[in-house]
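[1] Provide a 3D model corresponding to the input given below.
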Amino acid sequence: MKKRIAILATHGFEESELKSPKQALENEGWQADIVSLEKGTIKAWADGDWGSEYKVDYTLEEINSGDYDALVLPGGVLNPDKLRTKEGVLNFVQGFFNEKKPVAAICHGPQTLINADLVKGREMTSVKAISKDLINAGAIWSDQEVVVDNGLVTSRTPEDLPAFNRKMIEEIKEGAHVGA
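    Reported below is the predicted structural model:
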């Protein structure tokens, strides 16, 4: 069955954390849309400097969580810091949890979940730099390459992308999670 996945990002996302999951999703024959705050392109962060530009498929105003089967939140320091302060982003992300759809977040990506009030009681991992933020928001944090909690997939860094992509695809194939 053809699936449609939203990859939510803005300027400053970690390039490998968008590019690798997008490729993995498309290898499954699924549609992976880059969703952002504005039309046009968004610029990646790669190897300590600005990277490539990626075409935005849809803005948040053009779609909603009901249009998608799952959500991916790439990291990077700048990207989630911008996203987590926008009401439209938080509503979009909350929609996936309300609809019990799979969500995958890597590196700093879980910061958006903190601001959307979605981490309390969840088993998660992330880049070490935001572990205290997740713990303070009520998450059960552990230092593992990938953690899955009822449809929520989290990983630490680009080195964990192979495990992250495998688990993300597995959860998307499973579909909605009853207890999520």
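[2] Quick check: beta-bridge partners of the residue most central in space within the chain?
    Closest to where the C-alpha atoms of the chain average out (C-alpha atoms, centre = their mean) is Leu73, at 1.5 Å. Leu73 forms beta bridges with Ala105, as assigned by DSSP bridges.
[3] quick one: it and Asn115 touch, right?
    No: judged on C-beta atoms under 8 Å, Leu73 makes no contact with Asn115 at a distance of 11.7 Å. (Each C-beta comes from the backbone N, C-alpha and C, glycine too.)
[4] and stretch 113-131, average pLDDT?
    Averaging pLDDT along stretch 113-131 yields 98.
[5] next one: stretch 24-44
    98.
[6] Now do that stretch: distance to the chain's middle.
    Taking the mean of its C-alpha atoms, stretch 24-44 sits 11 Å from the chain's own mean (C-alpha atoms, centre = their mean, to the nearest Å).
[7] try stretch 54-69
    13 Å.
[8] The residue nearest to the centre of the chain and Gly29, how far apart?
    With distances taken as C-beta to C-beta, to the nearest Å, Leu73 is found 22 Å from Gly29.
[9] ditto for Ile42
    Using C-beta to C-beta, Ile42 is found at 25 Å from Gly29.
[10] Compare the two (neighbour count), which wins?
    Ile42 (20 against 9; other C-beta atoms under 10 Å).
[11] What lies in contact with stretch 110-121?
    8, 73, 80-81, 83-85, 89-90, 93-94, 97, 103, 105, 124, 126, 130, 133-134, 137-140, 154 (C-beta atoms under 8 Å, 6 or more residues apart in numbering).
[12] What subset of those residues is buried?
    Buried residues within the contacts of stretch 110-121, counting neighbours by 16 or more other C-beta atoms under 10 Å: 8, 73, 80, 83-84, 89-90, 93, 97, 103, 105, 124, 126, 130, 133-134, 137, 139, 154.
[13] Narrow these to those in helices?
    80, 83, 89-90, 93, 97, 133-134 (DSSP state H).
[14] My guess is Leu25 contacts Glu171. True?
    No: using C-beta under 8 Å, Leu25 is not in contact with Glu171, being 11.9 Å away.
[15] With neighbour numbers in mind, choose between these two.
    Set side by side, Leu25 and Glu171 show more neighbours around Leu25, with 24 against 21, by other C-beta under 10 Å.
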